[in-house]
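Enquirer: Next one to model:
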Amino acid sequence: QVQLVESGGGTVQAGDSLRLSCAASGRSFNTAIMGWFRQAPGKEREFVVGISWIAGSTRYADSVKGRFTISRDNAKNTMYLQMNSLKPEDTAVYYCAAGSQWTIVRGEVASWGQGTQVTVSS
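Expert: Below you'll find the model as predicted:
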């Protein structure tokens, strides 16, 4: 079973940047697509961005297009989320996720990380 471990969260001011990392161990076909979700207090968990591990194709939620960039390092089995121009509404717990298909966009996730808090103050 794949294990996902996030790191890089923290508290920043609006306009600042943060980079999250997700290290994957035990990768398999269930990690063909990896991505990030987030959950703000009182809200449902939502898809943020995903990446195809082999092809590198990406999909972004409209709310983060142009500000967030997803990437991966195949050799390190690590995925990154570069977040720029952060806004207070980006405040949430960010979860790394993995699945076998792009249906992870709808929440069909095989594995979740434990989450990392991102807080953006105004």
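
Enquirer: Check the burial of the nearest residue to residue 54 once chain neighbours are set aside by counting its neighbours.
Expert: Closest residue to residue 54 apart from its sequence neighbours, by Cβ to Cβ, 6 or more residues apart in numbering: residue 32 at 7.0 Å. Placement of C-beta: from N, CA and C, glycine included. Per other Cβ atoms under 10 Å, the neighbour tally for residue 32 reads 18.

Enquirer: Spit out the contact partners of residue 32.
Expert: Residues in contact with residue 32 (Cβ atoms under 8 Å, 6 or more residues apart in numbering) are 52, 53, 54, 99, 100, 101.

Enquirer: which residue is nearest the middle of the protein?
Expert: Taking Cα atoms, centre = their mean, the centroid of the chain lies closest to residue 36, which sits 2.1 Å from it.

Enquirer: what about this structure, any weak spots by pLDDT?
Expert: Applying pLDDT under 70 to the chain flags the ranges 27, 29-30.

Enquirer: Tell me where it has strands.
Expert: 3-7, 10-13, 18-25, 33-39, 46-52, 58-60, 68-73, 78-83, 92-99, 111-112, 116-121 (DSSP state E).
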